[in-house]
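**Student:** only geometry, no sequence info:
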């Protein structure tokens, strides 16, 4: 049974490995414009990573009208992905994508 699901806008695409899920999010969905700084990033993991690596939690809360539960959920997703993902494999797959 696949362990990783996309989750963007109700997308229920499922994957056996996290790297495939990230590649799907990057190639299969619209880009996301950061509400804090306007940077355009792939939606999903890369958008979460951008938000929490480039901005403070307070900036995220204000820009996205989020609460602490939303912050904690995204931090949990980011930690879990980074614990399991081979991000070099993701980069390699993206480099080979059309």
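**Tutor:** Happy to help now that I have it. Remember, it's a predicted structure, so these values are computed and weren't measured experimentally.

**Student:** from what I can see residue 59 touches residue 35, true?
**Tutor:** No - using C-beta atoms under 8 Å, residue 59 is not in contact with residue 35, being 9.2 Å away. All C-beta atoms are positioned from the backbone trio N, CA, C, and that covers glycine.

**Student:** Quickly list what's touching both of those two.
**Tutor:** Applying C-beta atoms under 8 Å, 6 or more residues apart in numbering, one finds that no residue jointly contacts residue 59 and residue 35.

**Student:** so what's the backbone phi/psi at residue 40?
**Tutor:** Dihedral angles of residue 40 (phi, psi; degrees, to the nearest 10) stand at phi -100, psi 120.

**Student:** For it, which non-adjacent residue is spatially closest?
**Tutor:** residue 31 (4.9 Å; C-beta to C-beta, 6 or more residues apart in numbering).

**Student:** so what does the helix or strand harbouring residue 90 touch, helix or strand wise?
**Tutor:** In this assignment (DSSP states H and E), residue 90 forms part of helix 87-96. Applying 3 or more C-beta pairs under 8 Å, 6 or more residues apart in numbering; DSSP states H and E, one finds that helix 87-96 contacts helix 18-28.

**Student:** on that earlier part again, distance of the residue nearest to residue 40 relative to residue 64?
**Tutor:** From residue 31 over to residue 64 the distance is 16 Å, taken as C-beta to C-beta, to the nearest Å.

**Student:** And residue 12, by the same measure?
**Tutor:** From residue 12 to residue 64 the distance is 23 Å (C-beta to C-beta).

**Student:** Just want to know which of the two has more residues nearby.
**Tutor:** Taking other C-beta atoms under 10 Å, residue 12 and residue 64 do not tie; residue 64 has more neighbours (15 against 8).

**Student:** wait, doesn't the more buried one sit right on residue 35?
**Tutor:** Yes - the pair formed by residue 64 and residue 35 meets the contact definition of C-beta under 8 Å, at 5.8 Å.

**Student:** between the helix ranked longest in the chain and helix 87-96, how big is the angle?
**Tutor:** When the chain is parsed with DSSP state H, its longest helix is helix 68-84. Angle, helix 68-84 to helix 87-96, by axes from the mean of the first three to the mean of the last three C-alpha atoms, to 10 degrees: 90 degrees.
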